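> below are the sequence and a predicted model; questions follow.
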Amino acid sequence: QVQLQESGPGLVKPSQTLSLTCTVSGSSITTSYYAWSWIRQPPGKGLEWMGVIVYDGSAYYSPSLRSRTSISRDTSKNQISLQLSSVTPEDTAVYYCAREGRYYSGSYYYTHDYWGQGTQVTVSS
């Protein structure tokens, strides 16, 4: 069974760097055709995709967050990490990690098939 668990501080001060870790079990982060995303949901708003790290280690980011976001991995621990710098109260959200899997139904498509439970991060002094 695939499980993802986010962890990190629940409170971050403005201008600091938010750091979260996603520990994955039941699926290797280096297995081909899987990718691992960070997604967040601010209070009262929809889901916002932040970025992804692919099975080969390549990382891609949302254009609106690219300058402040870094996603990395520790293959020995099967973990994905997120760093978001220069945070403001607008970065307050529930942060999720999710696996993106490739499926076939006439043609290949990708979908987020497993999610962590999410972790609340509040940016406040």
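Cool, the structure landed. Residues are numbered from 1 along each chain as shown.

> mind listing what's buried along the helix-or-strand element of the chain with minimal mean pLDDT?
Least confident helix or strand, the chain: strand 108-115 with a mean of 90, by mean pLDDT, DSSP states H and E. Along strand 108-115, these residues count as buried under the neighbour rule (16 or more other Cβ atoms under 10 Å): 112, 114-115. All C-beta atoms are positioned from the backbone trio N, CA, C, and that covers glycine.

> what does stretch 69-79 give?
If you call a residue buried by 16+ other Cβ under 10 Å, then stretch 69-79 has these buried ones: 69-71, 73, 78-79.

> tabulate the CA atom coordinates of it in PDB.
The C-alpha coordinates for stretch 69-79 follow below in PDB (Å, rounded to 0.1, in the frame of the first residue of the first chain):
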ATOM      1  CA  THR A  69      10.700  27.000  -4.500                       C
ATOM      2  CA  SER A  70      13.100  24.100  -4.400                       C
ATOM      3  CA  ILE A  71      12.100  20.400  -4.500                       C
ATOM      4  CA  SER A  72      14.700  17.800  -3.800                       C
ATOM      5  CA  ARG A  73      14.900  14.100  -2.800                       C
ATOM      6  CA  ASP A  74      16.800  11.700  -0.600                       C
ATOM      7  CA  THR A  75      16.700   8.400  -2.400                       C
ATOM      8  CA  SER A  76      18.300   6.600   0.600                       C
ATOM      9  CA  LYS A  77      15.300   7.600   2.800                       C
ATOM     10  CA  ASN A  78      12.700   7.600   0.000                       C
ATOM     11  CA  GLN A  79      11.800  11.200   0.900                       C
END
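
> same question for it, mean pLDDT?
Across stretch 69-79, pLDDT averages out at 97.

> and for stretch 2-18?
Average pLDDT, stretch 2-18: 97.
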